[in-house]
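**Student:** What shape does this take:
(one chain, ligands or ions: 1)
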Amino acid sequence: MEPLLQISHLTKNFSDGKEDEYKAVDDVSFELFPGEKLAIIGESGSGKTTVVNMITRLLDSTDGKILLDGEDITHYKRNKMKNIYRKMQMVFQTPTESFDPRCRLGDAVAESLRNAGIPKKEAMEIVKELFKQCGLPENFMKRYPHEVSGGQCQRAAIARAIAIKPRLLILDEATSALDVTVQAEILQLLDALQEERQMSYLFICHDIALVQNFCDRVLVMYQGKIVEQGKTEEVLHFPKHEYTRMLLDSVL
Ligand SMILES: Nc1ncnc2c1ncn2[C@@H]1O[C@H](COP(=O)(O)OP(=O)(O)OP(=O)(O)O)[C@@H](O)[C@H]1O
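**Tutor:** Residues are numbered from 1 along each chain as shown. Here you go, the predicted model:
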């Protein structure tokens, strides 16, 4: 099977404006296959979000290559990314901030469908269905982001991200701010979508229990490098690298 996402030797240097360059991401390579759920774990500052920001092209990479579904997107600019965002969507930690406060949630979700050329009436029908699928009452389509709870807003963010049926969903601490029950419901929804659509997930996460329950494979990052990767069970129960052992000891 061909990988959906293929990352090779990805590197990001940040400069402090003087001579020194700081390697936030250092020669990172990995693959993500269709239908797979992959987690990146590591302490704060290890480079996880920087990796995601390069994949989604919010940030230019210093070196390396990013292939999505065989297409080299490493140097794609904003206008070319529009098509790519049909295949790849992101959900971030703070959903309220990712919505326009003046836009009703239903319209915000419909916008991505409208951008994909779907007429308004049809788009609103799809949104209605998506809200149902994401466990949101239909009348929430009329609400503004500040009129719903954090968990409800995150469901709307997921509804928006899956609206155009992407093949890859990147979740950067997307469930961290939610309480445990809501988190479990959202993970159930993601599991159902994965089965239904063979979606792939890249999960950036601090929560080891969640990774254990949800993800097939784990990458461990430390100081910009991947120090260990493998099946979730193997990495979490039989960590090979000293840093992974420390990380697990500190959270378990
Ligand atoms: N725009 C930037 N300019 C300079 N340094 C940056 C920039 N963005 C990130 N960094 C640095 O790069 C390193 C990696 O940051 P990154 O946000 O990727 O870590 P992370 O593993 O996602 O952390 P967290 O779990 O806290 O979100 C950090 O040392 C951070 O300070």
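**Student:** shaky segments in the protein?
**Tutor:** Under the criterion pLDDT under 70, the flagged ranges of the chain are 18-19, 252.
**Student:** which residues of it fall in strands?
**Tutor:** Applying DSSP state E to the chain gives strands spanning 5-15, 21-32, 37-41, 63-68, 71-72, 88-91, 168-172, 200-204, 217-222, 225-231.
**Student:** what's the nearest residue to Glu43 once chain neighbours are set aside in contact with, if anything?
**Tutor:** Computed as CB to CB, 6 or more residues apart in numbering, the closest residue to Glu43 that is not its neighbour in sequence is Leu247, at 6.6 Å. Just so you know, the C-beta spots here come from the backbone N, C-alpha and C atoms, and that holds for glycine as well. Counting by CB atoms under 8 Å, 6 or more residues apart in numbering, Leu247 makes contact with Ile41, Gly42, Glu43, Val220.
**Student:** same question, Val51
**Tutor:** Contact analysis of Val51 by CB under 8 Å, 6+ apart lists Ile7, Leu10, Val25, Val28, Ile40, Met221.
**Student:** now do Gln89
**Tutor:** Arg160, Ala161, Ile162, Ile164, Pro166, Leu168, Leu169, Ile170.
**Student:** Start from the N-terminal end of the chain and give the helices.
**Tutor:** For the chain, applying DSSP state H gives helices covering 48-55, 78-84, 95-98, 105-115, 120-133, 150-162, 180-197, 208-214, 232-237, 242-251.
**Student:** Can I get those in JSON lines including distance to Ser15?
**Tutor:** As requested, the helices of the chain are exported to JSON lines (distance: least, CB to CB, whole Å):
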{"stretch": "helix 48-55", "distance to Ser15": "14"}
{"stretch": "helix 78-84", "distance to Ser15": "23"}
{"stretch": "helix 95-98", "distance to Ser15": "27"}
{"stretch": "helix 105-115", "distance to Ser15": "35"}
{"stretch": "helix 120-133", "distance to Ser15": "42"}
{"stretch": "helix 150-162", "distance to Ser15": "33"}
{"stretch": "helix 180-197", "distance to Ser15": "37"}
{"stretch": "helix 208-214", "distance to Ser15": "33"}
{"stretch": "helix 232-237", "distance to Ser15": "33"}
{"stretch": "helix 242-251", "distance to Ser15": "26"}
